[in-house]
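Visitor: here is my input, please return the structure:
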Amino acid sequence: MKSKNEQEKNDPQEMIGEDVEASEAQPQDETQSPVAGAEVVEALQLELAAARAKSDEYLDGWQRSRAEFANYKKRIDRDQAQTYQIAAGAVVRHFLGVVDDLERALKNRPRDGEGAAWAEGIELIYRKLLSILESEGLTLIEAEGAAFDPNFHEAVMSEENSDYPSGQVIEVLQQGYMLGDKVLRPAMVRVAR
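Guide: Residues are numbered from 1 along each chain as shown. You can find the predicted model right below:
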């Protein structure tokens, strides 16, 4: 004879009841329930919004870093150009005395004979020196007949002159030069009062 435990295990009615109770005890699949599906969608939307906020934050940081680097690069380029201009200005300034001497020599040059041929050679050297200095960015400050500007001219003398209006440059005594946009040496001028 079977024991009571063995009968309970083998009784088909009881087994069906156990299966029903077991299936009720197991959780249902969340995708099948509309309430559970809405919660999942809402959770995913919140997660997506958080991920988008984080990506926007990263994008903003990246754009700022890129702009800062571009500004840094421009500042370095500007500083290098300024350093070059200062160094070139120091070297070119030394040659301006030579240019002045050559200009004075050419003003009093002989017009005929062997001296004229020699003066032509000096003038060629003078032009070559000027072209080299111009290739470095040196430009002449035009002063003759211009209005006096203390940024570009240095008034050495002033005189009454009825041929010129007050404040106009009458004569350039020493040429002025600029290197790039910086005055290397102001022009020494005589000004009408």
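
Visitor: domain map for this structure?
Guide: The chain breaks down into these domains under automatic domain parsing: 43-136, 138-193.

Visitor: in JSON lines: those domains, plus mean pLDDT and distance to residue 35.
Guide: C-beta: built from backbone N, CA, C; applies to glycine. Formatted as JSON lines, those follow (pLDDT from 0 to 100; distance: least, C-beta to C-beta, whole Å):
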{"stretch": "domain 43-136", "mean pLDDT": "93", "distance to residue 35": "13"}
{"stretch": "domain 138-193", "mean pLDDT": "92", "distance to residue 35": "74"}
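
Visitor: ranking those domains by burial, who's on top?
Guide: domain 138-193 (a mean of 16; mean count of other C-beta atoms under 10 Å).

Visitor: hang on, the earlier thing: among the domains of the chain, which comes closest to residue 37?
Guide: Closest to residue 37 of the domains of the chain is domain 43-136 (C-beta to C-beta; 10.6 Å).

Visitor: need the domains of the chain in CSV with distance to residue 36, can you?
Guide: CSV is the format used below for the domains of the chain (distance: least, C-beta to C-beta, whole Å):
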stretch, distance to residue 36
domain 43-136, 11
domain 138-193, 73
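
Visitor: send the alpha carbons of stretch 93-104 over as PDB?
Guide: Output of stretch 93-104 as PDB, limited to C-alpha atoms (Å, rounded to 0.1, in the frame of the first residue of the first chain):
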ATOM      1  CA  ARG A  93      67.500 100.500 -36.700                       C
ATOM      2  CA  HIS A  94      71.300 100.000 -36.900                       C
ATOM      3  CA  PHE A  95      71.200 100.200 -40.700                       C
ATOM      4  CA  LEU A  96      69.200 103.400 -40.800                       C
ATOM      5  CA  GLY A  97      72.300 105.400 -39.900                       C
ATOM      6  CA  VAL A  98      74.100 103.900 -42.900                       C
ATOM      7  CA  VAL A  99      71.100 104.800 -45.100                       C
ATOM      8  CA  ASP A 100      71.200 108.400 -43.800                       C
ATOM      9  CA  ASP A 101      74.900 108.600 -44.600                       C
ATOM     10  CA  LEU A 102      74.400 107.300 -48.100                       C
ATOM     11  CA  GLU A 103      71.500 109.700 -48.700                       C
ATOM     12  CA  ARG A 104      73.700 112.700 -47.600                       C
END
